[in-house]
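Enquirer: Output the structure for:
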Amino acid sequence: MRDYGKVFSKIWESSDFRSMSEDGRALVLYLLTCQHGTIAGVFRVPDGYACEDLQWTPERVAEAFRETLSKGFANRCETSKWVWVFKFLEWNPPENPNQRKSAAKIAAAVPAECAWKLDFMRVCGPLVGLEVPPPPNPPATVPGLLPNQYQEQKQEQKQNPSGEGGGAPPQLEPAEIIFGYGLPLLTNAGTPEKQARTFLGALRKRPGGDAAVVNALRDCLKAKPLQPLEWLAAALPPDGAKAGKHSGFQDKNYREGIEADGSFV
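Expert: Take a look at the predicted model:
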């Protein structure tokens, strides 16, 4: 717990801050000044904390957090409820060895299941003296994004191009595309496989169904966000939530831009 938080007056000149809604700006100021904040700019903010302090509903809190993420200010992991204020250590660098040691201890306490932990460690680890983890293997090639069984099917088609069906590549179902592309995308960003599978399964139940998820995955692969899980969560809001800037996928053709073998173009 801390007694005060620093807010620079130039925040009122920031175009991103000025473009936010009233709730978005209120949440920004809350994260910079609340008693839960830490010297490392990472701390846990469950709905109970934020709802009590801000006197908001959980839905209002979730919507405001989606806005802080879209504006590049802060990210909250929906699994662990830990928050990362992206530029906190840039604005408030440790002033002495003791502060640096304290910040490193707090940063190391971020749970492994936190969706943004690896990104935080790569960006902010050097600022507090922590070892930077190696980058994950990026899903750079299409074969690496497809399950092994479909790679084998594709190889069989190459070896027997005149076989039954005219040698056409196998047609992937939406679920096969979602898990074939989505799992490597999320696990390479640090999300445990079990959590990634659960998350993708939940996305399929949101408005728009599989078609929306396939299109969101294609856009996510193009955007290459640091936190693909949080990006996808914001792109496909649940029932009753305000749609993000990547909404409207239910009106799209989910096979548009996908080759017959399931690769994106």
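Enquirer: residues in contact with Glu113?
Expert: Taking C-beta atoms under 8 Å, 6 or more residues apart in numbering as the criterion, Glu113 is in contact with Cys77, Thr79, Ser80, Pro192, Gln195. Heads up, the C-betas are built off the backbone N, CA and C, glycines and all.
Enquirer: quick one, phi/psi of it?
Expert: In terms of degrees, to the nearest 10, the main-chain angles of Glu113 are phi -80, psi 0.
Enquirer: For stretch 181-195, which residues meet the burial criterion?
Expert: Residues of stretch 181-195 classed as buried: Tyr181, Gly182, Leu183, Pro184, Leu185, Leu186, Thr187, Asn188, Ala189, Gly190, Thr191 (neighbour count, 16 or more other C-beta atoms under 10 Å).
Enquirer: In a markdown table, list the contacts of Glu113 along with secondary structure.
Expert: Shown next, in a markdown table, are these (DSSP: H, G, I helix; E, B strand; the rest coil):
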| residue | secondary structure |
| --- | --- |
| Cys77 | coil |
| Thr79 | coil |
| Ser80 | coil |
| Pro192 | coil |
| Gln195 | helix |
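Enquirer: Make CSV from the residues you listed and add pLDDT and distance to Trp12 to it.
Expert: CSV is the format used below for the contacts of Glu113 (pLDDT from 0 to 100; distance: C-beta to C-beta, whole Å):
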residue, pLDDT, distance to Trp12
Cys77, 93, 29
Thr79, 91, 33
Ser80, 94, 32
Pro192, 81, 40
Gln195, 83, 38
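Enquirer: Tabulate the buried residues of stretch 181-195 in TSV, adding columns for secondary structure and pLDDT.
Expert: As requested, the buried residues of stretch 181-195 are exported to TSV (DSSP: H, G, I helix; E, B strand; the rest coil; pLDDT from 0 to 100):
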residue	secondary structure	pLDDT
Tyr181	helix	82
Gly182	helix	85
Leu183	helix	82
Pro184	helix	83
Leu185	helix	84
Leu186	helix	84
Thr187	helix	82
Asn188	coil	79
Ala189	coil	78
Gly190	coil	77
Thr191	coil	81
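Enquirer: Closest to Ser19 out of these?
Expert: Nearest to Ser19, judged by C-beta to C-beta, of these is Ala189 at 27.2 Å.
Enquirer: Next, the residue lying closest to Leu183 once chain neighbours are set aside: secondary structure please.
Expert: Nearest non-adjacent residue to Leu183, counting by C-beta to C-beta, 6 or more residues apart in numbering: Ala196, 5.5 Å away. Reducing the assignment at Ala196 to three states with three-state DSSP gives helix.
Enquirer: wait, Ala196 sits on Asn188?
Expert: No: counting by C-beta atoms under 8 Å, Asn188 is not a contact partner of Ala196; they are 9.9 Å apart.
Enquirer: Out of the buried residues of stretch 181-195, which is nearest to Ser14?
Expert: When these are ranked by distance to Ser14 (C-beta to C-beta), Ala189 comes first, at 27.6 Å.
Enquirer: Please pull up the helix or strand immediately following the helix or strand containing Asn215.
Expert: With elements taken from DSSP states H and E, the one containing Asn215 is helix 209-223. Next along the chain after helix 209-223, taking DSSP H and E as the criterion, comes helix 228-235.
Enquirer: which stretches of the stretch 51-200 of the chain have low pLDDT?
Expert: 133-172 (pLDDT under 70).
Enquirer: Tell me the secondary structure of the closest residue in space to Phe179 that isn't next to it in sequence, please.
Expert: Closest residue to Phe179 apart from its sequence neighbours, by C-beta to C-beta, 6+ apart: Leu200 at 6.2 Å. Following three-state DSSP, the label given to Leu200 is helix.
Enquirer: Tabulate the CA atom coordinates of the helix holding Asn215 in CSV.
Expert: Output of helix 209-223 as CSV, limited to C-alpha atoms (Å, rounded to 0.1, in the frame of the first residue of the first chain):
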residue,chain,number,x,y,z
GLY,A,209,-19.6,-17.4,-33.3
ASP,A,210,-16.8,-19.1,-35.2
ALA,A,211,-16.9,-16.6,-38.1
ALA,A,212,-16.1,-13.7,-35.8
VAL,A,213,-13.3,-15.5,-34.1
VAL,A,214,-11.6,-16.6,-37.4
ASN,A,215,-11.7,-13.0,-38.7
ALA,A,216,-10.4,-11.6,-35.4
LEU,A,217,-7.5,-14.1,-35.5
ARG,A,218,-6.6,-13.0,-39.0
ASP,A,219,-6.6,-9.3,-38.0
CYS,A,220,-4.7,-10.2,-34.8
LEU,A,221,-2.0,-11.9,-36.8
LYS,A,222,-1.7,-8.9,-39.1
ALA,A,223,-1.6,-6.4,-36.1
